[in-house]
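J.: just a sequence and a predicted model for now, questions to come.
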Amino acid sequence: MARQSSRGRGPASGRQAPQAQGMSSSSTPIDRRTALGLVGGAGALVALTACGGGNGGSSTSTTASSVVKAGTAVVPEGMPQLEAEVRDLHLRLVAAPATAEIVAGTPTDVLSFGAEVIDGDPASVTPSGSYLGPTLHVRTGQRVQVIFENQLSQETIVHWHGLTVPQEQDGQPLEAVGPGETYEYDFTVVNEPGTYWYHPHPHHLTGEQVYRGLAGLLIVHGDEPETTLPHGARDLGFVLQDRTIGADGQLVYVASNHDVMAGFVGETLVTNGVAGLATSVERAPYRLRFLNGANSRTQILTLSTGEPLQVVATDGGLLPEVANVPGLVLTPAQRSDLWIDFSSYEPGQQIDLLTAGTFVEVPGMMGGGRKGNGGMGRGGIGGGAALTLNPKVAMSFVVADGPAEPGEVPQGLAGQVTIEPSEAVNTDTPRVFELMTRQASHWINGMQWEGRTAAEWETVAFGTTEIWEFVNLSPMAHPMHLHGKAFRVVDRSWVNASGEESWAQISSGIVETGTRDTVLVWPGQRVRIAVSFDTYRGYFLYHCHILEHEDGGMMRNFLIT
Ligand code: C2O
Ligand code: CU
Ligand code: CU
């Protein structure tokens with residue numbers, strides 16, 4: 001099995017990392033208790049209890065060892081007020097073991113990013129309040145330098161998911177640095193304003209490191225505010241994940257071949273690093289940015305009110321127009337920003353965000369024998385059998401007291417989709433990538449990860465726009481991601497009928513009117529994308545963003561020459 005790497009790292013090797021060194025929360029506990037207000041129908045006093053631990057002498061404000069009590073209301077800070085003038089940003093970023101309370105009353109060993117501003121706008125780093133890394137705030141046109149320190153007991157590297165950066169700034173597996181080592185980044189942000197994220201990318205270890213806590217939001221800000229969207233405290237980021245926590249309070253990762261084949265799905269929905277997140281909101285419109293940060297669970301978001309969702313932005317930034325959907329499909333790594341107006345709700349009212357995991361039992365493929373899962377979808381599998389959606393509460397919004405300030409969803413967002421499929425150099429002969437499952441593994445055109453090489457069929461000319469075709473001959477859905485550049489989804493068609501019926505149950509939740517850097521390719525489907533290779537030359541990754549598939553080798557490079 002490819003996942004058992006030649007270096008002998010088993011799936012559970014990261015269990016040795018916590019507490020081994022560095023930023024343990026017990027070393028310098030600092031208790032900050034802040035009562036944030038009264039929310040909830042029962043009028044419970046809601047407090048955020050954060051234990052911001054030290055990190056060995058630095059003045060970091062957002063260390064890797066913050067602990068948030070699960071089950072309490074946590075108010076994300078919203079977007080900071082950044083300086084009017086864009087100046088260079090110099091950050092120190094650390095990956096280290098820490099302890100977090102994901103489920104109330106249970107300390108869990110995690111891995112976590114911490115960051116501090118060495119030079120630049122101090123508002124560029126805001127704490128997540130959980131095992132998640134701090135949210136990094138950068139600006140279009142800004143030069144960003146990052147000194148990354150690996151304080152883990154295994155190799156790692158940081159990838160800026162969705163950012164267009166040169167090859168050596170991209171955090172590719174071959175750049176991974178060992179324990180105690182550093183990697184220095186220096187790039188200019190060229191992306192559209194929007195919601196991005198950062199996570200590790202060492203080969204064979206990405207799934208486990210992300211699962212144990214290494215991920216954070218990365219917000220690209222433009223010249224504020226973006227159109228007429230809510231901003232500041234009414235612009236909140238949410239990371240949707242799932243975790244299985246064992247009786248000993250520790251995270252359970254890949255337990256079987258099935259988890260590797262199908263992708264690992266946790267039993268408990270975790271939002272912004274805690275189970276049972278409740279966020280207080282004012283009676284006003286909000287911009288709510290959602291990242292599906294799960295390893296493999298494709299999620300379908302709905303509101304308990306049954307109201308449709310108004311999507312204003314996707315992976316590559318603002319949409320041309322607001323998209324109205326009954327439920328929103330988010331594959332692992334995808335982002336979508338919603339506009340929600342809470343003004344029509346009564347103070348104390350609770351509105352749940354539900355997420356359904358896509359789950360299809362594919363007869364014969366997995367060999368059965370899966371363990372019970374509390375009725376939770378096992379995620380990521382699509383195929384001939386019926387789709388089980390089974391929505392669960394991922395988090396709740398609780399409406400605060402105060403006067404209603406209704407707003408109107410902005411008409412005509414500024415988002416421009418500049419990629420023109422008709423300008424592609426290969427409209428008649430699209431580049432075809434066949435996704436296949438065989439020998440208990442997943443393949444792209446019969447190939448898997450081979451390091452920094454690209455075949456002739458993966459070599460593209462700088463300055464061109466191309467049509468790529470992902471053809472899914474596998475019984476599973478694969479969210480395919482390209483590094484370097486958001487693309488436009490041109491169309492979908494069927495090469496076989498295996499997934500047609502299940503697709504019909506979720507297709508109304510697909511939003512692809514803007515740009516995406518990750519696209520859901522359903523079983524039996526042919527998905528055509530238009531992508532422009534117009535920024536940097538070099539090797540860039542493309543892979544399935546089910547992290548267990550990526551770690552298993554469903555990852556290659558394309559070469560821009
Ligand atoms: Cu989230 Cu290779 O990426
Ligand atoms: Cu990426
Ligand atoms: Cu996959």
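T.: Right, received. Where do you want to start? Ligands and ions are numbered 1, 2, ... in the order given.
J.: low-confidence stretches in the stretch 201-350 of the chain?
T.: 224-227 (pLDDT under 70).
J.: could you check how far the closest residue to ligand 3 within it is from residue 106?
T.: Distance from ligand 3 to each residue of the stretch 201-350 of the chain (C-beta to the ion) is smallest for residue 263, at 6.9 Å. All C-beta atoms are positioned from the backbone trio N, CA, C, and that covers glycine. For residue 263, the distance to residue 106 (C-beta to C-beta, to the nearest Å) stands at 25 Å.
J.: higher neighbour count, the two?
T.: residue 263 (32 against 15; other C-beta atoms under 10 Å).
J.: the more buried one touches residue 331, doesn't it?
T.: No. The criterion here is C-beta atoms under 8 Å, and residue 263 misses it with residue 331 at 11.0 Å.
J.: ranges for the strands of the stretch 251-400 of the chain?
T.: 251-252, 268-271, 277-281, 285-292, 299-303, 309-314, 317-325, 328-330, 335-341, 350-357, 359-360, 387-388, 392-399 (DSSP state E, counting those that start in this stretch).
J.: TSV please, covering those strands and showing distance to ligand 1.
T.: Below are these laid out as TSV (distance: least, C-beta to the nearest ligand atom, whole Å):
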stretch	distance to ligand 1
strand 251-252	20
strand 268-271	18
strand 277-281	23
strand 285-292	10
strand 299-303	16
strand 309-314	15
strand 317-325	17
strand 328-330	14
strand 335-341	11
strand 350-357	19
strand 359-360	23
strand 387-388	25
strand 392-399	20
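J.: adding distance to residue 214, write those out as a markdown table.
T.: Listed next are the strands of the stretch 251-400 of the chain as a markdown table, based on distance: least, C-beta to C-beta, whole Å:
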| stretch | distance to residue 214 |
| --- | --- |
| strand 251-252 | 12 |
| strand 268-271 | 14 |
| strand 277-281 | 20 |
| strand 285-292 | 14 |
| strand 299-303 | 20 |
| strand 309-314 | 24 |
| strand 317-325 | 25 |
| strand 328-330 | 20 |
| strand 335-341 | 18 |
| strand 350-357 | 22 |
| strand 359-360 | 26 |
| strand 387-388 | 30 |
| strand 392-399 | 21 |
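J.: switch those strands over to JSON lines; also include mean neighbour count and distance to ligand 3.
T.: Formatted as JSON lines, the strands of the stretch 251-400 of the chain follow (neighbours: other C-beta atoms under 10 Å; distance: least, C-beta to the ion, whole Å):
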{"stretch": "strand 251-252", "mean neighbour count": "22", "distance to ligand 3": "21"}
{"stretch": "strand 268-271", "mean neighbour count": "23", "distance to ligand 3": "21"}
{"stretch": "strand 277-281", "mean neighbour count": "22", "distance to ligand 3": "28"}
{"stretch": "strand 285-292", "mean neighbour count": "25", "distance to ligand 3": "14"}
{"stretch": "strand 299-303", "mean neighbour count": "23", "distance to ligand 3": "16"}
{"stretch": "strand 309-314", "mean neighbour count": "24", "distance to ligand 3": "20"}
{"stretch": "strand 317-325", "mean neighbour count": "19", "distance to ligand 3": "24"}
{"stretch": "strand 328-330", "mean neighbour count": "25", "distance to ligand 3": "16"}
{"stretch": "strand 335-341", "mean neighbour count": "23", "distance to ligand 3": "19"}
{"stretch": "strand 350-357", "mean neighbour count": "22", "distance to ligand 3": "15"}
{"stretch": "strand 359-360", "mean neighbour count": "25", "distance to ligand 3": "14"}
{"stretch": "strand 387-388", "mean neighbour count": "20", "distance to ligand 3": "17"}
{"stretch": "strand 392-399", "mean neighbour count": "21", "distance to ligand 3": "22"}
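J.: how about stretch 436-445: buried residues?
T.: 436-437, 440-445 (16 or more other C-beta atoms under 10 Å).
J.: run through who's touching it.
T.: Where contact means C-beta atoms under 8 Å, 6 or more residues apart in numbering, the residues beyond stretch 436-445 that reach it are 1-2, 257, 260-261, 365, 432-435, 446, 448, 455, 457, 473-476, 478, 544, 549, 552-554, 556.
J.: repeat the analysis, applying 6 Å as the threshold.
T.: By C-beta atoms under 6 Å, 6 or more residues apart in numbering, the residues outside stretch 436-445 that reach it are 261, 433-434, 473-474, 549, 552, 554, 556.
J.: farthest pair in the buried residues of stretch 436-445?
T.: Using C-beta to C-beta, the two most remote members of those are 440 and 445, lying 18.3 Å apart.
J.: out of everything not next to it in sequence, what's closest to the residue of the chain found nearest ligand 1?
T.: Residue of the chain nearest ligand 1, by C-beta to the nearest ligand atom: residue 161 (3.6 Å). Once flanking residues are discounted, residue 161 sits nearest to residue 197: 4.9 Å by C-beta to C-beta, 6 or more residues apart in numbering.
J.: and for the residue in the chain that ligand 2 sits nearest to, the neighbour number?
T.: Using C-beta to the ion, the single residue of the chain nearest to ligand 2 is residue 161, 4.0 Å away. When counting by other C-beta under 10 Å, one arrives at 24 neighbours for residue 161.
J.: distance of it from ligand 3?
T.: Distance, residue 161 to ligand 3, using C-beta to the ion, to the nearest Å: 16 Å.
J.: try residue 87
T.: In terms of C-beta to the ion, residue 87 sits 41 Å off from ligand 3.
J.: and that residue, what element?
T.: Secondary structure from DSSP states H and E places residue 87 outside every helix and strand.
J.: right, and residue 219 touches residue 137 too?
T.: Yes. Between residue 219 and residue 137 a contact is recorded at 5.1 Å, counting by C-beta atoms under 6 Å.
J.: hang on, the earlier thing: what strands line up against the helix or strand the residue nearest to residue 161 falls within, and which way round?
T.: Taking DSSP H and E as the criterion, residue 197 maps to strand 194-200. When pairs are called by DSSP bridges, strand 194-200 turns out to pair with strand 158-161 (antiparallel), strand 216-221 (antiparallel).
J.: got the residues of the stretch 351-500 of the chain near ligand 2?
T.: Residues of the stretch 351-500 of the chain lying near ligand 2 by C-beta under 5 Å from the ion: residue 483.
J.: at 6 Å instead, please
T.: 481, 483 (C-beta under 6 Å from the ion).
J.: what about the stretch 351-500 of the chain, any weak spots by pLDDT?
T.: 358-388.
J.: rerun that using 90 as the cut-off
T.: Within the stretch 351-500 of the chain, the ranges that satisfy pLDDT under 90 run 356-391, 410-418, 439-440, 484-485, 498-499.
J.: where do the helices sit along it?
T.: 500-506 (DSSP state H, counting those that start in this stretch).
J.: what does it put close to ligand 1?
T.: 481, 483 (C-beta under 6 Å from any ligand atom).
J.: closest point of the stretch 351-500 of the chain to ligand 3, which residue?
T.: For the stretch 351-500 of the chain, C-beta to the ion, closest residue to ligand 3: residue 478, 3.5 Å.
J.: from memory that residue sits against residue 470, does it?
T.: No. With contact defined as C-beta under 6 Å, residue 478 does not reach residue 470; the gap is 7.7 Å.
J.: what sits in contact with each of these two?
T.: Joint contacts of residue 478 and residue 470 (C-beta under 6 Å, 6+ apart) are residue 521.
J.: and for stretch 403-413, what's in contact with it?
T.: Stretch 403-413 is contacted from outside by 227-228, 283-285, 310, 312, 318-319, 322, 339, 341, 343, using C-beta under 6 Å, 6+ apart.
J.: how about it: buried residues?
T.: Applying 16+ other C-beta under 10 Å to stretch 403-413 flags 407, 410, 413 as buried.
J.: which parts of this protein sit against ligand 3?
T.: So far as C-beta under 6 Å from the ion goes, the chain lies against ligand 3 at 442, 478, 544, 546, 549, 554.
J.: now, these that are in strands?
T.: Applying DSSP state E to these, the entries found in strands are 442, 478, 544.
J.: can you map out the helices along the stretch 101-250 of the chain?
T.: Taking DSSP H, counting those that start in this stretch as the criterion, the stretch 101-250 of the chain carries its helices at 206-211.
J.: what about residue 245, distance to residue 266?
T.: For residue 245, the distance to residue 266 - C-beta to C-beta - is 8 Å.
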